[in-house]
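> Okay, sequence plus prediction incoming.
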Amino acid sequence: MKKFLFVLGLSGMVACGPSTEMVKSWHEPGAVVSASGNQKVLILGLVKDESSRRIVEDNLVKRLNGKGVASYTIITSEMLKGANEDALEQKLTQGGFTHILMVRLADIEKETSYVPGTTTGYYGGYGRYYGYGAGMYSTPGYYQEDKNYFVETAVYSITPNKLLWTGTTKTVNPSKMDKTIGEIADAVSEQMKKDGFYIK
């Protein structure tokens, strides 16, 4: 099996709005996972803590219409911490899985942008202008720093061990874990359908 990915932290992630978008995807030509087919997919969230892992996996399982199995139901946290590839392969074989879907935090980028100030004023007669004192006022511009979280999702076939689909989402300033994971899961499942990789 490809080198087992390191467990990375998504636990600080969340979104306060529809701030997640798919930025790129790739799939093996002709590769398909079908809801009506014989496939069985293990969903593996490579995250720092158990509660976050369950949120990630459960959200993706919901979108695979019975084809997905959350890894936390058969793989312990200790197994993940040890990154034991042989133990993972054994679980995949024993469970009769045809595919494995893995999700990990790929990168965090900081981005600084300038937000221009605003100027407003009263443009009526001079009497009212005088009455308001300084009828024109302004708010200064400012710089703001955004954090962009890039999450990678990859689907491998088990036999042969081969990458079939991969996609990367970008989430700006995440703040609520469950909402962000839901947005990522939606973006991933929709892109899989657009690519013709996942067929209902």
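Looks like it came in fine.

> And the strands in this protein?
Here the chain has its strands, by DSSP state E, at 20-27, 33-34, 41-46, 68-70, 99-115, 118-121, 136-139, 142-157, 162-172, 198-199.

> Let me know which of the ones you listed is tucked in deepest.
Burial of those is given as mean neighbour count (mean count of other CB atoms under 10 Å); strand 41-46 ranks first at a mean of 24. For every residue, glycine as well, the C-beta is placed using N, CA and C.

> picking that back up, export the strands of the chain to a markdown table and append columns for distance to Asp86 and mean pLDDT.
As requested, the strands of the chain are exported to a markdown table (distance: least, CB to CB, whole Å; pLDDT from 0 to 100):
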| stretch | distance to Asp86 | mean pLDDT |
| --- | --- | --- |
| strand 20-27 | 28 | 94 |
| strand 33-34 | 26 | 83 |
| strand 41-46 | 16 | 93 |
| strand 68-70 | 20 | 93 |
| strand 99-115 | 15 | 88 |
| strand 118-121 | 62 | 63 |
| strand 136-139 | 61 | 64 |
| strand 142-157 | 16 | 90 |
| strand 162-172 | 19 | 95 |
| strand 198-199 | 29 | 82 |
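
> Would you convert those strands into JSON lines that also reports distance to Glu190?
Below are the strands of the chain laid out as JSON lines (distance: least, CB to CB, whole Å):
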{"stretch": "strand 20-27", "distance to Glu190": "8"}
{"stretch": "strand 33-34", "distance to Glu190": "14"}
{"stretch": "strand 41-46", "distance to Glu190": "17"}
{"stretch": "strand 68-70", "distance to Glu190": "16"}
{"stretch": "strand 99-115", "distance to Glu190": "15"}
{"stretch": "strand 118-121", "distance to Glu190": "37"}
{"stretch": "strand 136-139", "distance to Glu190": "39"}
{"stretch": "strand 142-157", "distance to Glu190": "12"}
{"stretch": "strand 162-172", "distance to Glu190": "10"}
{"stretch": "strand 198-199", "distance to Glu190": "9"}
